[in-house]
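In: Provided below for reference: sequence and predicted model.
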Amino acid sequence: MPKRPIPQATPETAEYWDGARRGELRIQRCRSCGKAYFFPRPFCPNCSSKDVEWFTASGKGKLYSYVINHRAAYGFDDITPYVIAVVQLDEGPRMMTNIVGIEATPENLPIDLPVEVTWEKLTDEITIPLFKPQGVA
Amino acid sequence: MSLRMSVAIVGAAETDSVAIQPDKSAIQLHAEAAFNALADAGLTKDDVDGVLCAGQSPVQVAEYLGITPTYVDGTSVGGCSYMLHVRHAAAAIKAGLCSVALITHGESGRSRVGMSGWGRAPQNVGSQFEEVFGVAGPPTRFTVPILRHMHEYGTTHEQLASVAVATRRWAEKNPRAMMRDPITVEDVLNSRMIAYPIHLFECCLVTDGGGALIVVSAERAKDFPKKPVYIMGTGESTEHSMISMMHDFTESRAFKVSGKLAFDEAKIAHKDIDHAMFYDAFAHTPMFALEALGFVGKGESGPFFEEMRTAPGGDFPLNTNGGGLSYTHTGMYGMFAIQESMRQLRGEAAAQLPNVRTSIAHGVGGMFHAAGTLILTNDDAP
Ligand SMILES: [Zn+2]
């Protein structure tokens, strides 16, 4: 079976990937305008301030939108169909993820479903944040 | 500076075929389209001093055709690149940087002959924050916003399917269209699920082909064999490189900015647009365009399509070639949207409408990543 592509960190994203290895969802916040943001950049995409800090997000959010993919990407054959979703974190930013811990049906996946982060280790370097419905073990 | 009525398109043509052509490379398709457009304008390659293209570099296309240009533009922002090329050619001609601009598209999207490979570098932000979740090309990225639109506005599966049905009705009239069998809403909803909520018939085709345009100043426009088509208004914008970063999944910011620029420049009211081409990569793309360009209010596109107002006989003829859904879709389809606007304005379309004076061609690049808009007219003093 073909392996899924494994990403590599860059200097400005290393803290995110380091946090993921520890099971911490590390994202950034601007000290000037107060907004949290994602994906990682060494400045604020809202106001351009370089006065930004990393923090650990709650890992809780809502299902903003999604598709249920029936044509497997490389390395995803054994879990197809699977949910490619965008979640909105309680802190504000959105990110792409997969929804796991529940059968991939529209009935199970109402828009705005509360979700929480869970982690999948792909390699020694790369662990990725997946989300499951809140309260699902 | 306004570009309104400063340039005209005097040559427009597609490749001989827009179907499946494993015997031709991508750059060969650029060249075939270029020679067809030059012949349409009564010009040779030696008349060309501006070269604009996407996919391939303009360096490669100029070399292949034997042109030494004074102006090149390799803007490659996806399928709407050609709308941007027309806009950039207009600015370049107005500024005196070139006088005859050749815009080419050629893509071996289906057969993949002479195409650069798929895949992204593992350090690309898209690889880090999207590819790792198993996105499998446009059907799993472009489509992610749809359920949000359905949730917020009550847009239904039947309304989405209606886009494919209305578009197919135009394709039935076009002998060059790849998919011409009549379909119903039920057929669309029974076609194979690709990525819920999108079914196979709500996805564009994958084909091989090309198209080209010749742009000159409005002053020279009447010196060519066919009646010129003037550029009334133009727009462009970009929003994101990853669909997950789209600001609001119910509307395209790039569409709104590009569309407003074009309408403001054209000084035309929406009701005075006779014909429209909205890039239809998937069934929802023209819905988002209809709303973002201001033809209907926010969230009102679903009923509009369900009422078949865009189909033959409707009051809003849209994608009259059969669109990316049923005519052809090489990958960067925007060129074919402009070509159909040209045919309608010249009276040469397979499904020709009566009395077309104005047309809008609106393109999307990538997965709502970019947008380009052109408002065109065959009237020399609109
Ligand atoms: Zn800020």
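Out: In hand now; what should we look at?

In: what's the burial count for residue 50?
Out: Since no chain was named, I'll use chain A. Other residues near A:K50 come to 11 when the count uses other C-beta atoms under 10 Å in any protein chain shown. Every residue, glycine included, has its C-beta placed from N, CA and C.

In: oops, wrong one, chain B.
Out: Residues within reach of B:G50, counting by other C-beta under 10 Å, total 27.

In: my guess is it meets B:A62, correct?
Out: No - the criterion here is C-beta atoms under 8 Å, and B:G50 misses it with B:A62 at 9.9 Å.

In: which residues are common contacts for these two?
Out: Both B:G50 and B:A62 are in contact with B:69, B:72, where contact means C-beta atoms under 8 Å, 6 or more residues apart in numbering or on different chains.

In: packing partners for the longest strand along chain A?
Out: Ranked by residue count and defined by DSSP state E, the top strand of chain A is strand A:60-69. Applying 3 or more C-beta pairs under 8 Å, 6 or more residues apart in numbering or on different chains; DSSP states H and E, we find strand A:60-69 packed against strand A:82-89, strand A:94-99, strand A:114-121, helix B:146-153, strand B:193-196.

In: 10 Å - rerun?
Out: When contacts are defined as 3 or more C-beta pairs under 10 Å, 6 or more residues apart in numbering or on different chains; DSSP states H and E, strand A:60-69 packs onto strand A:82-89, strand A:94-99, strand A:114-121, strand A:127-133, helix B:146-153, strand B:193-196, strand B:198-199.

In: what residue is smack in the middle of chain B?
Out: B:G334 (2.1 Å; C-alpha atoms, centre = their mean).

In: hmm, back to that, now render the helices and strands packed on strand A:60-69 as TSV, adding mean pLDDT and mean neighbour count.
Out: Below are the helices and strands packed on strand A:60-69 laid out as TSV (pLDDT from 0 to 100; neighbours: other C-beta atoms under 10 Å in any protein chain shown):
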stretch	mean pLDDT	mean neighbour count
strand A:82-89	98	24
strand A:94-99	98	24
strand A:114-121	98	17
strand A:127-133	98	20
helix B:146-153	98	21
strand B:193-196	98	22
strand B:198-199	98	24
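
In: Throw those into TSV and include distance to the ion, thanks.
Out: Formatted as TSV, the helices and strands packed on strand A:60-69 follow (distance: least, C-beta to the ion, whole Å):
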stretch	distance to the ion
strand A:82-89	17
strand A:94-99	17
strand A:114-121	24
strand A:127-133	23
helix B:146-153	26
strand B:193-196	35
strand B:198-199	36
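
In: as TSV, the ones you listed with distance to B:R253 would be great.
Out: Formatted as TSV, those follow (distance: least, C-beta to C-beta, whole Å):
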stretch	distance to B:R253
strand A:82-89	16
strand A:94-99	15
strand A:114-121	26
strand A:127-133	26
helix B:146-153	14
strand B:193-196	23
strand B:198-199	22
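
In: among these, which comes closest to B:F288?
Out: Closest to B:F288 of the helices and strands packed on strand A:60-69, according to C-beta to C-beta: helix B:146-153, at 7.7 Å.

In: which parts of whatever helix or strand comes next after that closest one are buried?
Out: Using DSSP states H and E, the helix or strand that follows helix B:146-153 in sequence is helix B:157-171. Of the residues in helix B:157-171, B:157, B:159-171 count as buried by neighbour count, 16 or more other C-beta atoms under 10 Å in any protein chain shown.

In: and B:G299, what does it touch?
Out: B:149, B:152-155, B:250-251, B:287, B:291 (C-beta atoms under 10 Å, 6 or more residues apart in numbering or on different chains).

In: again, but for B:G334
Out: Per C-beta under 10 Å, 6+ apart, neighbours of B:G334: B:54, B:77-86, B:105, B:211, B:277, B:279, B:324, B:361-365, B:371-372, B:374.

In: ok, B:A13 next?
Out: Residues in contact with B:A13 (C-beta under 10 Å, 6+ apart) are B:32-41, B:210-214, B:339, B:342.

In: any chance of the buried residues of helix B:157-171 in a markdown table, plus pLDDT and distance to B:T70?
Out: Shown next, in a markdown table, are these (pLDDT from 0 to 100; distance: C-beta to C-beta, whole Å):
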| residue | pLDDT | distance to B:T70 |
| --- | --- | --- |
| B:H157 | 98 | 52 |
| B:Q159 | 98 | 49 |
| B:L160 | 98 | 47 |
| B:A161 | 98 | 49 |
| B:S162 | 98 | 48 |
| B:V163 | 98 | 43 |
| B:A164 | 98 | 44 |
| B:V165 | 98 | 48 |
| B:A166 | 98 | 44 |
| B:T167 | 98 | 40 |
| B:R168 | 98 | 44 |
| B:R169 | 98 | 45 |
| B:W170 | 98 | 40 |
| B:A171 | 98 | 40 |
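
In: which one of those is nearest chain A?
Out: B:H157 (10.2 Å; C-beta to the nearest C-beta).

In: verify the contact between that closest one and B:N190 for me.
Out: No - using C-beta atoms under 10 Å, B:H157 is not in contact with B:N190, being 11.4 Å away.

In: overlap of the contact sets of these two?
Out: B:H199.

In: measure B:T320 to B:V185 for me?
Out: 20 Å (C-beta to C-beta, to the nearest Å).

In: cool, B:I146 as well?
Out: 16 Å.

In: equivalent analysis for B:V77, please.
Out: 33 Å.

In: those two: who's more crowded?
Out: Taking other C-beta under 10 Å, B:V77 and B:V185 do not tie; B:V77 has more neighbours (23 against 17).

In: give the contact list for that one.
Out: Applying C-beta under 10 Å, 6+ apart, the residues contacting B:V77 are B:54, B:83-84, B:236-238, B:254, B:332, B:334, B:363-366, B:369-372.

In: for chain A, what lies in contact range of the ion?
Out: Within reach of the ion by C-beta under 5 Å from the ion, chain A has these residues: A:30, A:32-33, A:44, A:46-47, A:49.

In: between the residues you listed, which is closest to B:C203?
Out: Using C-beta to C-beta, the residues of chain A next to the ion come closest to B:C203 at A:N46, 35.1 Å.

In: what is the burial count for the closest one?
Out: For A:N46, using other C-beta under 10 Å, the count is 13.

In: just give the closest residue to it, not the sequence neighbours.
Out: A:K35 (5.0 Å; C-beta to C-beta, 6 or more residues apart in numbering or on different chains).

In: A:S48 is in contact with the one you found, correct?
Out: No - contact between A:K35 and A:S48 fails when scored by C-beta under 10 Å: they sit 11.9 Å apart.

In: the more surrounded of those two?
Out: A:K35 (17 against 10).

In: which residues in chain B form helices?
Out: For chain B, helices defined by DSSP state H occupy the ranges B:26-41, B:58-65, B:81-94, B:125-129, B:146-153, B:157-171, B:185-190, B:253-266, B:284-292, B:301-306, B:334-346.

In: any idea which of these has the lowest pLDDT on average?
Out: Ranked by mean pLDDT, those bottom out at helix B:125-129, with a mean of 93.

In: quick one: contacts of it?
Out: By C-beta under 10 Å, 6+ apart, helix B:125-129 touches A:5-10, A:12-13, A:16-17, A:38-41, A:95-97, A:126, A:128, B:119-122, B:131-132, B:135, B:141, B:241-245.
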